[in-house]
Every structure is written in C-alpha cells, then in structure tokens.
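Q: coords please:
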Amino acid sequence: MSEYRLKEVSNPRLEKQFLDVVDLIYVNIPQWVRPLDVEISKVFNVNKNKRFLHGNAIRWILFDSQQRPCGRIAAFYDEFTSSSHHQPTGGVGFFECINNQEAANVLFDQAKKWLQLQGMQAMDGPVNFGNRDFFWGCLKEGFHRPLFNMPFNPSYYNDLFTRYGFENYFNQYTYHVLISPESVSPIVHYKAERLKRDPKFTFSNYDKKSNHLIAAEFSEVFNKAWANFPGVRPISTDDATTIIHSLQPIIDPRLIILAHHQHQPIGFFIMIPDLNQIIGKFHGKMNWLNRLRLLYGLKVQKKCSRVIGLIFGVIPEFQGKGIEAGLVKQFEENATQKDFPYTDMEMNWIGDFNPTMMKLVELIGGRIYKTHVTYRYLFDRTLPFERAAILNSNN
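A: Numbers count the residues shown, from 1 in each chain. Take a look at the predicted model:
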C-alpha cells in the first residue's frame, strides 16, 4: 500500500496548500521566483477562465505518511483543443513533486483516471488550462532565472515524466537576444528598408487610446496567423479586450508593434517587461503594498532591463514578404531612444515544429537559452507515438 494520499482541492484552506507546495520544492533553488498566487488561482476560477465553458479542471495535493504536502497536480480538458489532436487529449499541469517516482506516479495515475472518465485518450503535460503563452512546458535545459509566468522546475521533473511513460511531443525554445542593431542580420535590415519605401505598408507602436480597435486587430491577426496550429484556440475581440485590459498597468507602448497593409492589420510583435526582476521578494503575494512596489519599480525606478517576446505573428498571405523584418526594425528604432531601459530580450515559446520562426529569431541574433518540453502520454500503450508535425513555410 502506498504511503501517499491525495486530497482534492475543495476549499480555501486546501487551495492555499496547493499554492504553497512550491515552498518545499524550491527552498534551495536561489534563482527561482515564485509565481504570483493570483495568476495561478485565476486559471481555476470558473468566473475568470472561459475554458470552463467547454471544459473542466480539478486539482489534487499529495501528502506523505506524516500528512505533509509533498506534491500537487491539476488535470483538465477543453473540448475545443482536445478534439484537435489524433485522439481526445487532455492536460496535466501545475505539477510539483518531491524527487520520488512513486509519489509522481500517484499524481499521474489520478490525473489519468479522471481524464479517462472525461473521455480523453491521452494527456499532455505539464501544460496550462488556458493559452500556451504562460505556464507551459517542463524546463530541461537552461536553468536560469525564470521569466514572469514562465515555467521553472527542478531538472529531475523530466525523469519523473519520462519514467512514467510520457514522451517528448515537442520542444519549446526560449531564445536570448541582445537588444542592439549589431545583433540583427543585414538581411533583416535590407528587407525592412525595402518595405519602408512602400507607402502601402506601415509599422507603428501601440496607442493606449485605441484599445478596442487594437483588440479587434489583434484577434483578427491571431486567428489567421495561428489557424493551422493544432491545439490553438481562436480568440474573440472581447477576449482580446480583456487581455489588453489586464496588461494595461505594465504595458510599454514601445514593446507592442503593429503592421498594416493599406490600413488593414497584417502582423504584430508583442512584448512585456519581465516582472520577475521586481516581484522576486513578493513570495507570490500581490497585496496593495506589493502592487505599489511593482508599479514604482516598473515606472519610476525602471528596474526591468529584460523584456519577454510574448507573441509574434503575421497573417499567412504576408508571411515571408519582409513583414517580420519590418516589425523588428520598428522595435530596433524604439530601442535607440535615450530613455529606453531594456538591454536584452527572451523570445519565448518557439516550438521545434516551427523552423521558419526559429530561423527568423536567429537572424535577429537569438541563441537558444532555455529548452522546455511538452510531453504526451497515450493511454493506449499499444499505439505508436508521433511527435508534433513540422509546420511548412506556408503555415
């Protein structure tokens, strides 16, 4: 009989324990930054996460024989994304565990059992019950200080997943880029200058006065640019408005670049400051005092020297025509301003199934800095495993 016991998160006390499991796991890892509790809690709030409209989620905490928390896991499914794979596929995420395979197996077994009852035939992990840009993947290489809302974990987590039977579905690369004109390939500059001479194309910074218009343009470009990416859910204008509103306190207009062709949106480059450079001592808490400390550090002290390359997209009919170079060039011009505080960027979440994007980031001086893995576990162990399909240049 196992010495481990599971409890479903069903009340505020257990929810706090679920959040606090990390204190045990990361006590001796100095570069770790605890994610804000509010960022994790809203993932499981039925009033804030629209995935609950067509899916469900559940959380468990693992306790040892002395009733001490020693692990946690969430399981979830979204009817839209689950049906976009070869088999109905759910997810597990927010996984934390001591370095013990038996303990990890108890967590994985429980998640698998619940997902099977929901009709799933596979599970991906560790992933998010939401968009891919946050809390997605298991860090395998590059155990540097984590970015805001990006996953960090001890290296042994990869062994816990693979020993259970998970396999590498795809790698996600984070590229480090020095913000300097010298880092960018002359090819990028050439393409950007050629477009600049064509008045039909314009590149501009975000304008806070046009939130609703920008939300509509963002959703239009996003849905076209990611239409062929399996598992990526379309975004509505209302959803885009909500996202922009939530980011409003931390938005720097120079970090959001928009591309238009004859006044029609065709691409964007969205970055945010890396708030982990400020919130490291918050211990996951965003009370009124820490909120003031965050805004003061961001707006007055300008403590953020690093930006996160969050989303880069161009609609299919304009891909490969230099729009990407134009977006980069506009950002480069912003970076020459005297009060520009950022020195480096981490381009986040570039899948190994997207060689076109990998090549582009290399052209602006990027080098692979971190590697995360999205694992997949097929419930029918007799089925052949297939990695994520490579996207061609027309996707």
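
Q: Low-confidence bits of this structure, can you list those?
A: Where the chain drops to pLDDT under 70, the residues are 1, 84, 227-228, 230-231, 392-395.

Q: now the helices for it?
A: All helices of the chain, identified by DSSP state H, fall at 12-25, 37-41, 79-82, 101-117, 157-164, 186-196, 211-225, 237-247, 276-279, 288-295, 323-335, 355-363.

Q: if you skip the residues just before and after it, what's nearest to Phe76?
A: Ala57 (3.6 Å; C-beta to C-beta, 6 or more residues apart in numbering). C-beta here means a position set from N, CA and C on the backbone, and glycine is covered the same way.

Q: so what's the one you found up against?
A: Applying C-beta atoms under 8 Å, 6 or more residues apart in numbering to Ala57 gives the contacts Val43, Phe44, Arg51, Ala74, Ala75, Phe76, Phe129.

Q: Met123 and Asn223: what is the separation?
A: For Met123, the distance to Asn223 equals 26 Å [C-beta to C-beta, to the nearest Å].

Q: quick one: Thr202 and Gln262, what's the gap?
A: 9 Å.

Q: Also Leu255?
A: 25 Å.

Q: Which of those two has more residues huddled nearby?
A: A count of neighbours by other C-beta atoms under 10 Å puts Leu255 above the other of Leu255 and Gln262, at 24 against 9.

Q: Can you give me the neighbour number for the closest residue to that one other than its chain neighbours?
A: For Leu255, ignoring the flanking residues on the chain, the nearest one in space by C-beta to C-beta, 6+ apart is Met271 at 3.9 Å. Met271: 23 surrounding residues under other C-beta under 10 Å.

Q: Touching, Met271 and Phe312? I think so.
A: No: in this structure Met271 lies outside contact range of Phe312 using C-beta atoms under 8 Å: 9.1 Å.

Q: I'd like the distance between Leu294 and Gly280.
A: 11 Å.

Q: same thing with His86?
A: 41 Å.

Q: do the same with Leu391
A: 36 Å.

Q: ok, now His212?
A: Distance, His212 to Gly280, by C-beta to C-beta: 35 Å.

Q: Mind checking which residue lies nearest the centre of the protein?
A: Asp133 (2.3 Å; C-alpha atoms, centre = their mean).

Q: Pick out whichever of Met123 and Asn223 has more residues nearby.
A: Using other C-beta under 10 Å as the criterion, Met123 and Asn223 rank with Met123 on top: 27 against 17.

Q: need the contact list for that one.
A: Per C-beta under 8 Å, 6+ apart, neighbours of Met123: Ala75, Thr89, Gly90, Gly91, Val92, Ala111, Lys112, Leu115, Arg376, Tyr377, Phe379.

Q: How about it: which residues does it bridge to?
A: Beta-bridge pairing for Met123 (DSSP bridges): Gly90, Tyr377.

Q: that older thread, among the contacts of Ala57, name the ones in strands.
A: Ala74, Ala75, Phe76 (DSSP state E).

Q: Just the terminal-to-terminal distance for stretch 172-189.
A: Taking C-alpha to C-alpha, to the nearest Å, stretch 172-189 runs 27 Å from one end to the other.

Q: Can you give me the domain boundaries for the chain?
A: 5-170, 180-342 (automatic domain parsing).
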